[in-house]
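Colleague: Fold the stuff below for me.
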Amino acid sequence: MKKILITGASGFIGSFIVEEALRQGMQVYAGMRNSSSKQYLTDDNIEFVMLNFADKASLQKQLSTYKFDYIVHAAGLTKAQKKEDFDTVNFRYTQNLVDALIEENCVPERFIFISSMAAHGPGDDDNTIAVKLSDAPHPDTLYGISKLKAEYYINALTHFPVITLRPTGVYGPREKDYFVFFKTISNGIEPYIGLQEQYLSFIYVKDLVDVVFKAIHSDITGKTYFVADGKSYTAREFAQITKRILHKKTIKLFVPLAIVKLIAILLETVNGWFGKVPTLNRDKYNVLKARNWLCDISGLEKDFGFKANYLLEDGVKEAIAWYKAEKWL
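Modeller: Sure, this is the predicted structure:
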């Protein structure tokens, strides 16, 4: 039985990776913090490993004890009160994990690094050309910069069996940021950021998990892939799909970018007084103001034969059904 470690197992994406690993008959180790919730990790076959990424010596001891066959590094910080935390958690903790594996001679057969399209940054606002892996990265968020640093570090290593995945907007059951949009539509408001059309790409969480395991079972190493469903959507199409599924009529609300930026700064400041980070913050503003979040997935299609099982309407329908069943909506 293959042993797999999934870091960030208590998170939105991580919990779905755990479920699929169990379905595939793997011995699953959920890497997490003592404070992490086990709400979606209830299977008795899950073994929990409390990893201290800040302490490389501790990591070395744990990793040499278990000697995992596969590692999916999904742990990361998407928002932070202290800006330096992005670099600490997303880059330096990843560095500690990889160094500990190498120094203890327990490098797994496959290491899947869950990065983000944010590590590359958005495409040109003046056109709708999808960004390619050959394009020079230009992340415009602290989150994206920290992810790119981790990518550079891992991919510079020799004989380290890594595959880097850069998913675009990941949505589905349990996710909380897109849920805010669904909730807003449910309340009869259809919000738009800025006055220009925004072009978006998405990947349903189950399709992302499918890619993770295709990568695990492949012979490919040292490559990076954007992960999306292969379609281009506009913000208006996303809203129309959501309204149709929720059977809602809405009032369109167009908010100028300058106002959104001001709100983001105010929310970040006020929430910071209480040690919290709002969904809308300055890093998120940089994501929202970009007009082109399209990416090329031809490499994914070529190397793995990938075809999304869920296009946007299918995924939103399933996600909203879950939110309603769980009384979120």
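Colleague: Could you look up the SS state of Leu41?
Modeller: Assigned by DSSP: H, G, I helix; E, B strand; the rest coil, the conformation of Leu41 is coil.
Colleague: For the stretch 1-150 of the chain, just list every one of the helices.
Modeller: 12-23, 56-66, 84-86, 93-103, 142-155 (DSSP state H, counting those that start in this stretch).
Colleague: same for the second one, what does it pack against?
Modeller: Counting by 3 or more CB pairs under 8 Å, 6 or more residues apart in numbering; DSSP states H and E, the packing neighbours recorded for helix 56-66 are helix 93-103. No exception for glycine: its C-beta is placed from N, CA and C like everyone else's.
Colleague: Please, which helix or strand holds Ile203?
Modeller: Under the criterion DSSP states H and E, the helix or strand holding Ile203 is strand 202-204.
Colleague: Please name the strands paired to that strand in the sheet, noting orientation.
Modeller: Strand 202-204 pairs in its sheet with strand 169-171 (parallel), by DSSP bridges.
Colleague: Tell me the pLDDT of Tyr285.
Modeller: At Tyr285, the predicted lDDT confidence score is 90.
Colleague: As a check, name the ranges of all helices in the stretch 151-300 of the chain.
Modeller: Read by DSSP H, counting those that start in this stretch, the stretch 151-300 of the chain holds these helices, from start to end of the chain: 177-186, 205-216, 235-246, 257-273, 282-289, 298-304.
Colleague: With distance to Glu109 and mean neighbour count added, can I get those in a markdown table?
Modeller: What follows is the helices of the stretch 151-300 of the chain, written out as a markdown table (distance: least, CB to CB, whole Å; neighbours: other CB atoms under 10 Å):
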| stretch | distance to Glu109 | mean neighbour count |
| --- | --- | --- |
| helix 177-186 | 33 | 18 |
| helix 205-216 | 8 | 22 |
| helix 235-246 | 38 | 18 |
| helix 257-273 | 42 | 14 |
| helix 282-289 | 34 | 19 |
| helix 298-304 | 17 | 16 |
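Colleague: Can you pull out the low-pLDDT segments for the stretch 1-150 of the chain?
Modeller: For the stretch 1-150 of the chain, not a single residue meets the criterion pLDDT under 70.
Colleague: Name the surrounding residues that touch the strand holding Ile203.
Modeller: Strand 202-204 is contacted by residues 167-172, 227-229, 231, 233, 308-310, 312, 314-315, 318-319 when judged by CB atoms under 8 Å, 6 or more residues apart in numbering.
Colleague: Include distance to Phe48 and mean neighbour count when you put the helices of the stretch 1-150 of the chain into TSV, please.
Modeller: Rendered in TSV, the data for these read as follows (distance: least, CB to CB, whole Å; neighbours: other CB under 10 Å):
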stretch	distance to Phe48	mean neighbour count
helix 12-23	11	21
helix 56-66	12	16
helix 84-86	24	16
helix 93-103	17	20
helix 142-155	24	22
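Colleague: still on that earlier bit, filter the contacts of strand 202-204 to the buried ones?
Modeller: A residue is treated as buried here by neighbour count (16 or more other CB atoms under 10 Å); on that basis the buried members of these are 167-172, 227-229, 233, 308, 310, 312, 315, 318-319.
Colleague: now, which of the residues you listed sits nearest Arg244?
Modeller: Taking CB to CB as the measure, Arg244 sits nearest to Leu312 out of these, at 11.3 Å.
Colleague: That closest one reaches Ser232, doesn't it?
Modeller: No. Taking CB atoms under 8 Å as the definition, Leu312 is not a contact partner of Ser232, at 10.3 Å.
Colleague: picking up where we left off before, let me see the mean pLDDT of the strand holding Ile203.
Modeller: Averaged across strand 202-204, pLDDT comes to 98.
Colleague: Please apply the same query to stretch 239-247.
Modeller: The predicted model gives stretch 239-247 an average pLDDT of 98.
Colleague: Show me the contact partners of it.
Modeller: Here stretch 239-247 has contacts from 181-182, 185-186, 190, 192, 248-250, 312-313, 316-317, 320, 329, using CB under 8 Å, 6+ apart.
Colleague: can you redo the helices of the stretch 151-300 of the chain as TSV with distance to Lys82?
Modeller: As requested, the helices of the stretch 151-300 of the chain are arranged in TSV below (distance: least, CB to CB, whole Å):
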stretch	distance to Lys82
helix 177-186	20
helix 205-216	28
helix 235-246	31
helix 257-273	9
helix 282-289	12
helix 298-304	35
